[in-house]
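J.: Quick one: sequence and predicted model below, then my questions.
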Amino acid sequence: MSVLILADQSEGHIKKASFEALTYGAAIAKQTGTTAEALVLGTVNDDLSALGKYGISKVHQLASETLNHVDAQLYAKLIAEAATATGATVIVFSHNQTGKAVASRVAARLKAGIVTGACALPDTSNGFVVRKTVFSGKAFANVRINSDVKIVSLNPNSYHTTAGEGTAEVLQMNIAVDTSRIKVTAVNKVSGEVPLTEADIVVSGGRGLKGPENWGVLLDLAKELHAATACSRPVGDAHWRPHHEHVGQTGVQVAPNLYIALGISGAIQHLAGVNRSKIIVVINKDPEAPFFKAADYGIVGDLFEVVPKLTEEIRKMKAAS
Amino acid sequence: MQLTIVNKNFSMKILVCISKTPDTTSKIAFTDGNTKFDENGVQWIINPYDEWYSLVRAIELKEKDPSATIHLVTVGGADCDPIIRKALALGGDEAFRVNTDSTDSFYIAAQIAEVAKKGGYDLIFTGKEAIDYNGSSIGGMVAELLDMPYVSLATLFDLNGNTATITREIEGGEEVAEVSLPVVVSCQKGVAEQRIPNMRGIMAARTKPLQVVEPAAADTLTSIVSFELPPAKAGVKLVSPDNVAELVRLLHEEAKAI
Ligand SMILES: Cc1cc2nc3c(=O)[nH]c(=O)nc-3n(C[C@H](O)[C@H](O)[C@H](O)COP(=O)(O)OP(=O)(O)OC[C@H]3O[C@@H](n4cnc5c(N)ncnc54)[C@H](O)[C@@H]3O)c2cc1C
Ligand SMILES: Nc1ncnc2c1ncn2[C@@H]1O[C@H](COP(=O)(O)O)[C@@H](O)[C@H]1O
């Protein structure tokens, strides 16, 4: 028996969302009296024994270059084999892009019940019941997994990473990797920016900014906070900002610690993509803007006056502390 | 000049998975001791990812290559029929409904895989996720059950002969990949633009075949125990625009967010 966690990597580094998954998986192991082991696919530069800090006893690595791109078919086969080899009864993923590609495929392969988008530790007092977000964050469902092997994928930013002491034993796996049927011809990373789905802080702009030429005030604030930038759908549709920044029901769903909305009305479809954020700050000149109902803090005012002041005050606060 | 040899005998078969979801503005509430979604007053729609992106892209592919056929599949009860008719009105040729109320992803995927095996499809489209239970699961499962490659979260989809070129979302960017058919693809924004069914389509949909099939035997691996609504927000704390420093203080000291 063990809990096996996929420690997903990108460009040689374990992803932030994976540390959450590792901490979460280790907590499940503790709760069910077993050990937590990690699986790393592909080549990495990080010191994998350091994953011990998150409560991992063993790290299994398959250092094949082929696996540096996620091919769901190859991944599912290897993860299923590793799970069987390590006697895993629980397999944990992050519900990030890799998890979305792979976790359900592993579930079908092993005929293991799966809950995706988990947001809390499973209740194991009577079976195995996992809490997950449904209706785009507007509600939760508690879902029972009935199979022997259980698969859970954890929503990013919903379980706090804790690092303690410890060193994991790193073991190289010896499994043949098939050739991929998917040929990756290009990778376009938005360089130098904080990836939206991983960001702690997101600063987002709507039609209230009036035009792409006005984005400077937003970018300055984002820079001061090391935040990722996002936008409402009409802003993406009008090409004021790149379409991958569009958040909401039909765009990216984010759940940062802090979401700052500038000149966004807070339509229900927008909220569906952001209402899992821990703290929401709204700056809007219309006191009736629906976004204020979903907000923790707000300023009713002209964003072009308020935002530069906000950036300045944050700069001062940082200089003082 | 290079000649492209088109295989005249190849006519592509596309399967589009269609699910029924509550309209995005629906009030979310539960009944029966919080064990059932309250359908009272809810308007049902085709899951936006299925309608706007995967179905429309399939229709565009057929417009380019009229020999292609588009089949639709939905797993659900008779209340799905208006949804599947609307999808047919947009442009599917023929539809299957597997008659069951299951909410277990594996059970649903097994039904879709069963339909897919009989039809021998070259291309299977799903949406990125169903906006009700947010599984993001069906595509991967169907691909596994059919032993096909799976490309998730596609933002662009092009076809050249037997080779699909797909752009998909990865952490902090995109990846472009080529894959030979058959393939299962989950679609999201970018793949196509929303369309509105026209009168001709709506008339034609009435006579298009919709076959109701009974479910195949498959395991149910999960069950929903209960639902919960999040606790109401305490209410917004408003700060005067003349006192922005106070907002920074609150975010720093009270919310510990910066
Ligand atoms: C099926 C469907 C799906 C959708 N999906 C999405 C989605 O995924 N994401 C999304 O965002 N939208 C989505 N929408 C659109 C959504 O309904 C709203 O139309 C959209 O979110 C509005 O964008 P906005 O808030 O930027 O613009 P507006 O609604 O025009 O709001 C602009 C706001 O800026 C404020 N403002 C103006 N000037 C200033 C100023 N100087 N200072 C401060 N405030 C100012 C105004 O008071 C107003 O509240 C969807 C719609 C549908 C029907
Ligand atoms: N009951 C269903 N019948 C047909 N297709 C479905 C069904 N449920 C989900 N799908 C398809 O799978 C996609 C992802 O759904 P899910 O994995 O449930 O989030 C949807 O966008 C649909 O294309």
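T.: Noted; the coordinates are in hand. Numbering: from 1, shown residues only, chains lettered A, B, ... in the order given. Ligands and ions are numbered 1, 2, ... in the order given.

J.: So the residue in the stretch 51-200 of chain B that chain A sits nearest to versus B:E214, what's the distance?
T.: Closest approach between the stretch 51-200 of chain B and chain A, counting by C-beta to the nearest C-beta: B:G172, at 3.2 Å. For the C-beta atoms, the positions are set from N, CA and C on the backbone; glycine is no exception. For B:G172, the distance to B:E214 equals 45 Å [C-beta to C-beta, to the nearest Å].

J.: Same question for B:A177.
T.: According to C-beta to C-beta, B:A177 stands 37 Å off from B:E214.

J.: and A:P234, how many neighbours does it have?
T.: 15 (other C-beta atoms under 10 Å in any protein chain shown).

J.: Let me know the secondary structure of it.
T.: Secondary structure, DSSP: H, G, I helix; E, B strand; the rest coil: A:P234 is helix.

J.: hang on, it packs against A:L209?
T.: No. Counting by C-beta atoms under 8 Å, A:P234 sits too far from A:L209 to count as a contact (10.9 Å).

J.: before we move on, back to that, what residues are up against the residue of the stretch 51-200 of chain B closest to chain A?
T.: Going by C-beta atoms under 8 Å, 6 or more residues apart in numbering or on different chains, B:G172 touches A:S10, A:K189, A:V190, A:E193, A:P195, A:L196, A:T197, A:E198.

J.: one step back: look at B:A177 and B:E214 and report which has more neighbours.
T.: More crowded of B:A177 and B:E214, by other C-beta under 10 Å: B:A177, with 24 against 8.

J.: All the helices of the stretch 101-250 of chain B, in order from the start?
T.: B:105-119, B:138-146, B:199-207, B:244-249 (DSSP state H, counting those that start in this stretch).

J.: Helices along chain A, start to end?
T.: A:16-32, A:72-85, A:97-110, A:216-224, A:233-237, A:268-274, A:291-294, A:303-320 (DSSP state H).

J.: Show me the one of those helices that comes nearest B:E129.
T.: Proximity to B:E129 (C-beta to C-beta) singles out helix A:97-110 among the helices of chain A, at 8.0 Å.

J.: So what angle separates the directions of the closest one and helix B:105-119?
T.: Angle, helix A:97-110 to helix B:105-119, by axes from the mean of the first three to the mean of the last three C-alpha atoms, to 10 degrees: 80 degrees.

J.: is helix A:97-110 up against chain B anywhere?
T.: Yes. Using C-beta under 8 Å from any C-beta of the partner chain, helix A:97-110 comes into contact with chain B via A:Q97, A:T98, A:K100, A:A101, A:V102, A:A103, A:S104, A:R105, A:V106, A:A107, A:A108, A:R109.

J.: Packing partners of that helix?
T.: Packing contacts for helix A:97-110, counted by 3 or more C-beta pairs under 8 Å, 6 or more residues apart in numbering or on different chains; DSSP states H and E, involve strand A:2-6, helix A:72-85, strand A:88-94, strand A:113-118, strand A:150-154, helix B:105-119, helix B:138-146, strand B:150-160.

J.: I'd like to know the average pLDDT value across that helix.
T.: In this model, helix A:97-110 has a mean pLDDT of 98.

J.: Just the buried positions in it, please.
T.: Neighbour counts using 16 or more other C-beta atoms under 10 Å in any protein chain shown place A:97-110 of helix A:97-110 among the buried residues.

J.: distance of A:L262 from ligand 1?
T.: Applying C-beta to the nearest ligand atom, to the nearest Å, the value for A:L262 to ligand 1 is 7 Å.

J.: Then B:Y121?
T.: 28 Å.

J.: what do you get for A:K132?
T.: 21 Å.

J.: and that residue, how many neighbours?
T.: Count around A:K132 with other C-beta under 10 Å applied: 25.

J.: Hmm, A:V143 and it touching each other?
T.: Yes. With contact defined as C-beta under 8 Å, A:K132 reaches A:V143; the gap is 6.1 Å.

J.: Find the residues that touch each one of these two.
T.: A:V115.

J.: partners of the closest residue to A:K58 other than its chain neighbours in the sheet?
T.: Of all residues not flanking A:K58 in the chain, A:E37 sits nearest, at 4.5 Å (C-beta to C-beta, 6 or more residues apart in numbering or on different chains). Taking DSSP bridges as the rule, A:E37 bridges to A:L4, A:K58.

J.: Count the neighbours of A:E37 for me.
T.: Neighbour count for A:E37, taken as other C-beta under 10 Å: 27.

J.: any idea how far ligand 1 is from it?
T.: Using C-beta to the nearest ligand atom, A:E37 is found at 38 Å from ligand 1.
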